[in-house]
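Participant: Generate coordinates for the sequence data below:
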Amino acid sequence: MDSQPRTILVCVAWPYVNGEKHIGQIAGAYLPPDIFARYQRMAGHRVLMVSGSDTHGTPITLQAEKEGLSPEQVVEKYHRLFIEGCLEMGLTFDLYTHTDTENHWQVTQRVFLRHLENGYIYRAVQRQWYDPEAGRFLADRYVEGTCPYCGYSEARGDQCDNCGRIYDALELRNPRSKLTGNRHLEIRETEHFFLDLSKLNERLLAWIQDDKEHWRPHVLHFTQGQLALKELRGRPITRDIDWGIPVPVPGYEHKRIYVWYDAVQGYWSAAIEWAHLAGDPELWRQWWDLHTTPDARHYYFIGKDNIPFHTIIWPAMIMAYNDEPGATGDPYRLHLPYDVPASEYLNFRGQQFSTSRGNVIGFNTVLKMFQADAWRYVLTALAPETADTEFTWEEFVNRVNNELVANWGNLANRVLGFAYRHFDAQVPVPGPMDQSDRALLDEIRQGFQQVGALYNGVRLKAALQEVRRLSGRVNQYLNEKAPWQAIKADREQAATSVYVALQAIDWLKLLWAPILPHSSEELHRYLGYDRPLFGRQYTQEVADGRGTHLVLRYDPSPASGRWEPSPLPPGQALRKPKPLFQKLDPAQVLGERAGVG
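Facilitator: Residues are numbered from 1 along each chain as shown. From the prediction side, this is the model:
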């Protein structure tokens, strides 16, 4: 437990709700923040984890046209599907909402007007791609082509996923319409509002060079490199589309605020919505307002394709908002990011996961086939924290069977089963402990500091490896003590060994808990505890001026899990244990490829 609790905002990338998410997205952006948030709550910090579905992106309108549905129907369908997956996976969002809410519209329009008032928004005529077949202008994400910098042939209209560079859509080579596939596009003029990023280049460069040693090198170096070029320029924030948030300026009702500008504001609007649901509309200020909590820390968990939006564009928007207020008189000053632990890619078949190219393993689909904790374990073990990694079904089976089951699952099952059978279903009362008993407990006890530092530094793969090593130490201890043999001649010695092993397992349960919450909760019950280890996830229908929307919430209040090595009470009643994990049949999984991918 930290003697001085911190205030921590965990911001999670907002996914487009245009289909089932794949495990590459989960490994890169959605599982890591949950592990991090679970640890921080256990360590006694004030945590708020927020995100939601991005409902205004181009993929939603494209999917709506593909399925013959309205954008609203697509949002409803896939927003609910993702929430179902989050519940099954155990992703503990304090609030998971979406961007098509009255609250989010109000926040976005307020920020727009503040930027306009502070001189960071201007109007200009823009040359833009026009698709004659569709009879409409093509917003950035409606056009694809070849990257002007690296030559990647599947580059998006505003950013290349291969090299990460940001550019104007007109710079694309071989452009094509995502609406019709038309390669014979025209350039026409249209008036739009622009965010003047060039005014903030120097301030951003000074900020990124100040106390960022804790950032991942690939995130920091990319951002420093981009800002050092001093090439930031005005970026359009409105589009000629009919799906999205209206521009709050008379005469521009036919235009909409573009998705990249409104989506990042969801981190703030979600905190405001959460505060209203919590019954204290000003509670969001504890995490966001510099005057209220000057030392609050903001962490942004994203994939590497989103780095420039979270280390350049969103900080620029915050800086522009934080300038001295004019007529609006808005007193708030918002926190800049403390860390942006962006992940690289988890690949499959040697290339990026891609729904459009059919290279996917569906999130909801596989959760129906294998235990959630099995996925949490493997995706953390393969975490692409600083480099791309490759997923294979062979490795999935190997890690589940030879690590999760063989190392940790069998240890917990055999010790609890032995204690339940031979010590009257109770934690045995130990006799005098020898040096090896004390050494093992000291080593596991030290794990709270060592593993905690890894979780706190968002080195989740290393945390898994260290807890796995400690679990192996308990297996080694048991092999040396062999209580199943000792009980025949010296029951007190066997009781001592079993108690030491149970105490170690009770502590390891906490060290594993951020990664393996479901099985840790189950093990917690088998050890005889009544109060749950973690809080409660639940869904709620919320009504506002734009209708009713489903949200996912988390209530931490029932939780008993604390990051401290508390003593296991001798004589505590045990519950009859069952195996925590299911061993996989390699022939079945590998033969059928699990029916997916």
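
Participant: Show me where the stretch 1-150 of the chain has its strands.
Facilitator: 7-12, 46-53, 95-98, 121-131, 136-137, 143-146 (DSSP state E, counting those that start in this stretch).

Participant: looking at these, which is closest to residue 315?
Facilitator: strand 7-12 (12.4 Å; Cβ to Cβ). (Glycine included, C-beta is placed from N, CA and C.)

Participant: Which neighbouring elements make contact with the closest one?
Facilitator: Helices and strands touching strand 7-12, by 3 or more Cβ pairs under 8 Å, 6 or more residues apart in numbering; DSSP states H and E, are helix 31-42, strand 46-53, helix 266-277, helix 285-288, strand 297-301.

Participant: Pull out the buried positions in the fourth one.
Facilitator: When you say that, I think you mean helix 285-288. Neighbour-count burial for helix 285-288, counted by 16 or more other Cβ atoms under 10 Å, picks out 285, 286, 287, 288.

Participant: Roughly how far does the second one sit from residue 294?
Facilitator: Look at residue 286 and residue 294: by Cβ to Cβ, to the nearest Å, they are 11 Å apart.

Participant: ranges for the strands of the stretch 451-597 of the chain?
Facilitator: Counting by DSSP E, counting those that start in this stretch, the strands of the stretch 451-597 of the chain are 536-544, 547-555.

Participant: Kindly export stretch 235-242 (C-alpha atoms) in CSV.
Facilitator: Taking Å, rounded to 0.1, in the frame of the first residue of the first chain, the C-alpha atoms of stretch 235-242 are listed here in CSV:
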residue,chain,number,x,y,z
ARG,A,235,-5.4,20.7,-39.6
PRO,A,236,-9.1,20.7,-40.7
ILE,A,237,-11.5,19.9,-38.0
THR,A,238,-14.8,20.0,-40.0
ARG,A,239,-16.1,18.0,-42.9
ASP,A,240,-18.8,17.9,-45.4
ILE,A,241,-20.7,15.0,-43.9
ASP,A,242,-24.0,14.5,-42.2
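
Participant: list the buried ones in that stretch?
Facilitator: 235, 236, 237, 238, 239, 240, 241.

Participant: what do you get for stretch 343-358?
Facilitator: 343, 344, 345, 346, 347, 348, 352, 353, 355.

Participant: cool, stretch 92-110 as well?
Facilitator: For stretch 92-110, by 16+ other Cβ under 10 Å, it's 92-101, 103-110.

Participant: Stretch 15-33 now?
Facilitator: 15-19, 21-33.

Participant: and those, which of them are in helices?
Facilitator: Counted as lying in helices by DSSP state H, out of the buried residues of stretch 15-33, are 23, 24, 25, 31, 32, 33.

Participant: from what I can see the first one touches residue 379, true?
Facilitator: Yes - using Cβ atoms under 8 Å, residue 23 makes contact with residue 379 at a distance of 6.5 Å.

Participant: Report the set of residues contacting both of the two.
Facilitator: Residues touching both residue 23 and residue 379 (Cβ atoms under 8 Å, 6 or more residues apart in numbering) are residue 346.

Participant: tally of neighbours for residue 181?
Facilitator: 10 (other Cβ atoms under 10 Å).

Participant: for it, helix, strand, or coil?
Facilitator: Each residue gets one of three states, and residue 181 gets coil by DSSP: H, G, I helix; E, B strand; the rest coil.

Participant: ok, it to residue 476 distance?
Facilitator: Residue 181 is 61 Å from residue 476, by Cβ to Cβ.

Participant: cool, residue 168 as well?
Facilitator: The value you get for residue 168 to residue 476, if Cβ to Cβ is used, is 60 Å.

Participant: quick one, which of these two is more surrounded?
Facilitator: Ranked by neighbour count (other Cβ under 10 Å), residue 168 and residue 476 place residue 168 first, with 16 against 11.

Participant: Where does pLDDT dip in the stretch 451-597 of the chain?
Facilitator: 592-597 (pLDDT under 70).

Participant: sorry, back to before: just give me the closest of the buried residues of stretch 343-358 to residue 150.
Facilitator: For these, the nearest to residue 150 is residue 352 (14.6 Å; Cβ to Cβ).

Participant: bridging residues for that closest one?
Facilitator: residue 347 (DSSP bridges).

Participant: and it, what is it in contact with?
Facilitator: 24, 161, 345, 359.

Participant: And for residue 342?
Facilitator: 216, 218, 219, 300, 301, 302, 303, 304, 306, 307, 310 are the contacts of residue 342 under Cβ under 8 Å, 6+ apart.

Participant: again, only using 10 Å
Facilitator: 13, 28-29, 32, 215-216, 218-219, 222-223, 300-307, 310-311, 384-386 (Cβ atoms under 10 Å, 6 or more residues apart in numbering).

Participant: Next: residue 291.
Facilitator: Contacts of residue 291 by Cβ under 10 Å, 6+ apart are 285, 331, 332, 333.

Participant: Show the pLDDT at it.
Facilitator: Among the per-residue scores, residue 291 shows a pLDDT of 93.

Participant: and it, how far is that from residue 335?
Facilitator: 11 Å.

Participant: hey, where'd the helices end up in the stretch 351-500 of the chain?
Facilitator: If DSSP state H, counting those that start in this stretch is used as the criterion, the helices of the stretch 351-500 of the chain fall at 363-367, 372-381, 393-399, 410-422, 435-456, 460-481, 483-486, 491-512.

Participant: circling back to that earlier point, what's the closest of the helices and strands packed on strand 7-12 to residue 414?
Facilitator: Among the helices and strands packed on strand 7-12, helix 31-42 sits nearest to residue 414 (Cβ to Cβ), with 26.5 Å.

Participant: For that closest one, C-alpha coordinates in PDB please.
Facilitator: What follows is helix 31-42, C-alpha atoms only, in PDB (Å, rounded to 0.1, in the frame of the first residue of the first chain):
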ATOM      1  CA  LEU A  31      -6.000  -5.400 -21.700                       C
ATOM      2  CA  PRO A  32      -2.900  -3.400 -20.500                       C
ATOM      3  CA  PRO A  33      -4.900  -0.500 -19.000                       C
ATOM      4  CA  ASP A  34      -7.100  -2.900 -17.100                       C
ATOM      5  CA  ILE A  35      -4.000  -4.700 -15.600                       C
ATOM      6  CA  PHE A  36      -2.500  -1.300 -14.700                       C
ATOM      7  CA  ALA A  37      -5.700   0.100 -13.200                       C
ATOM      8  CA  ARG A  38      -6.300  -3.100 -11.200                       C
ATOM      9  CA  TYR A  39      -2.900  -2.800  -9.700                       C
ATOM     10  CA  GLN A  40      -3.200   0.900  -8.900                       C
ATOM     11  CA  ARG A  41      -6.500   0.300  -7.100                       C
ATOM     12  CA  MET A  42      -5.000  -2.500  -5.100                       C
END
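
Participant: Do I have it right that residue 5 meets residue 40?
Facilitator: Yes - Residue 5 lies in contact with residue 40 (Cβ atoms under 10 Å); the separation is 9.5 Å.
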